[in-house]
Structures are given as C-alpha cells and as structure tokens.
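Undergrad: Let's see this in three dimensions:
(chains A and B)
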Amino acid sequence: EAGVVQSPRYKIIEKKQPVAFWCNPISGHNTLYWYLQNLGQGPELLIRYENEEAVDDSQLPKDRFSAERLKGVDSTLKIQPAELGDSAVYLCASSLDLGYEQFFGPGTRLTVL
Amino acid sequence: GENVEQHPSTLSVQEGDSAVIKCTYSDSASNYFPWYKQELGKGPQLIIDIRSNVGEKKDQRIAVTLNKTAKHFSLHITETQPEDSAVYFCAASIGNNDMRFGAGTRLTVKP
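TA: Sure thing, here's the model as predicted:
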C-alpha cells in the first residue's frame, strides 16, 4: 500500500514569492493533517481536514497561509507571500478517521532566501 | 493547551545498552501518548503508543511506561542497535486529536 505522498520534496524560493505544497493521502483516509516542523522541533499542527471540511485551522496564519482539500482527497497548502521565517519542513499526515493512527509523508523542505 | 516537554535532547549509547527518553505533559485530560521515530529525510513513524488506562506496554525491544499522577511517560529501548539511531518524539493528545509533540531526542547508537 502506498504511503502519504508529498511534492515537491524540496523548494527554494525568494522571500515574498508564493509557494504551494501538494499532498496525496493514503487511499480511504478521511482525515488529513498539515504540520509545520521547524529545525530541531516537533511537528506543530497547522490544519486538519475531515473529508473536505477544515475542522481545525486555529494554528494556521490566515494572513498568508491557505489550504484546500477538494473532493476530500488531495490537499494543497499555499503560502503567499513567503517570509524568511517560513523556512521549515511541511509535513502532511492522514488517518483513517479522527482518532486513528496518523501516517506521515516525507515532508517538503522549504527554504526562503 | 497541552504542553509536552521531552528530555534529553540528545542521547548517545553503546550498541547493546538501553536508552530511556522521558516526557512530561500538562493537560490531565490527555489520554493518548504515542512515540514516533523520525529518520533523516522521512516523516515521523509511530513505533508504540499507550493509552491512559494502561500503565505499561511492551513491543519486543521497545516499552513505554505512563504515570498519570505525575503526568510523565517514558520510552525504553533495550539492546540498542545502530539502526535505532534516529530522532524520537513523544506526543500527548486527547483521543489522538490535537496532538502536541515534544521537541525530540536525537539518539545515536555507537557500534
């Protein structure tokens, strides 16, 4: 069974540029999570989806971050405009449903210059 | 909200020795405590978890203990091997929701 797929794996951009990350969860998983992982830290939840509905986005900086999960499958996380402090690894995870084990993708490492 | 602290931040052991990582949490309502292993360039992978109605759980060389009164839980790895080298994260949540992670422990097992 394929795991959580994320792309790109690495992204380098200039500050103030837009960037988007894509996530394909494990087939059949209804819950999808986006996490931010700063260097030397644990993951921090940005947003959680139940199917296509964002049910917890309290930690998402809404002035520059946006996310969508069309048709309750793939998801995209966007930053516009990017700032130097956004350099981090962005992890996507999915679970069968709320409360079940979360499976993480490999992450996208973003570097903002 | 929940706050999870993890110690030590780095741990170096000789192959065959045991390794212990400790975490504390702040929210007494937390009832689910997973441990993740993260290798370089990969996402965290669940290695063992424990729920608040259990005091100890073991899976081969890995064990986790939970003290609800003191609000701390620990990961024990026995007979360590070089492939155990990675960053380990503890986490706490209520029913696997709104999971809060510790800062991680970098374990190095020297052959």
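Undergrad: Which of the helices and strands in the chain ranks last by mean pLDDT?
TA: Using chain A. strand A:53-56 (a mean of 90; mean pLDDT, DSSP states H and E).
Undergrad: Chain B, not that one
TA: Lowest by mean pLDDT, DSSP H and E among the helices and strands of chain B is strand B:97-101, with a mean of 87.
Undergrad: buried residues in whichever helix or strand comes after that one?
TA: Downstream of strand B:97-101, the first helix or strand assigned by DSSP states H and E is strand B:105-110. Using 16 or more other Cβ atoms under 10 Å in any protein chain shown as the test for burial, strand B:105-110 gives B:105, B:107, B:109. Using the backbone N, CA and C atoms, a C-beta is placed for each residue, glycine as well.
Undergrad: nearest to chain A, of those residues?
TA: Distance to chain A, by Cβ to the nearest Cβ, is smallest for B:Thr105 among the buried residues of strand B:105-110, at 10.3 Å.
Undergrad: Quick check: bridge partners of the closest one?
TA: Assessed by DSSP bridges, B:Thr105 has beta-bridge partners B:Tyr88.
Undergrad: Point out where chain A drops to low pLDDT.
TA: A:1 (pLDDT under 70).
Undergrad: Kindly report the residues of it close to chain B.
TA: A:4, A:40-45, A:56, A:91, A:93, A:95, A:98-107 (Cβ under 8 Å from any Cβ of the partner chain).
Undergrad: Buried among the residues you listed? Need that as a selection in ChimeraX.
TA: Of the residues of chain A next to chain B, the buried ones go into a single ChimeraX selection, burial set by 16+ other Cβ under 10 Å:
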select /A:4,42,43,45,56,91,93,95,102,103,104,105,106,107
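Undergrad: Inside strands: which ones of the residues of chain A next to chain B?
TA: Among the residues of chain A next to chain B, DSSP state E puts A:44-45, A:56, A:91, A:93, A:95, A:103-104 in strands.
Undergrad: distance between the ends of stretch A:81-90?
TA: The first and final residues of stretch A:81-90 sit 16 Å from each other (Cα to Cα, to the nearest Å).
Undergrad: got the contact list for it?
TA: A:6, A:13, A:15-19, A:21, A:34-39, A:64, A:77, A:79, A:107-113 (Cβ atoms under 8 Å, 6 or more residues apart in numbering or on different chains).
Undergrad: quick one: the nearest residue to B:Lys110 once chain neighbours are set aside from A:Trp34, how far?
TA: Nearest non-adjacent residue to B:Lys110, counting by Cβ to Cβ, 6 or more residues apart in numbering or on different chains: B:Gln14, 5.4 Å away. In this view, B:Gln14 and A:Trp34 are 39 Å apart by Cβ to Cβ, to the nearest Å.
Undergrad: what about the closest residue to A:Pro8 other than its chain neighbours, how many neighbours?
TA: Setting aside the residues directly before and after it, A:Pro8 is nearest to A:Thr108 in space (Cβ to Cβ, 6+ apart), at 6.0 Å. Using other Cβ atoms under 10 Å in any protein chain shown, A:Thr108 has 22 other residues around it.
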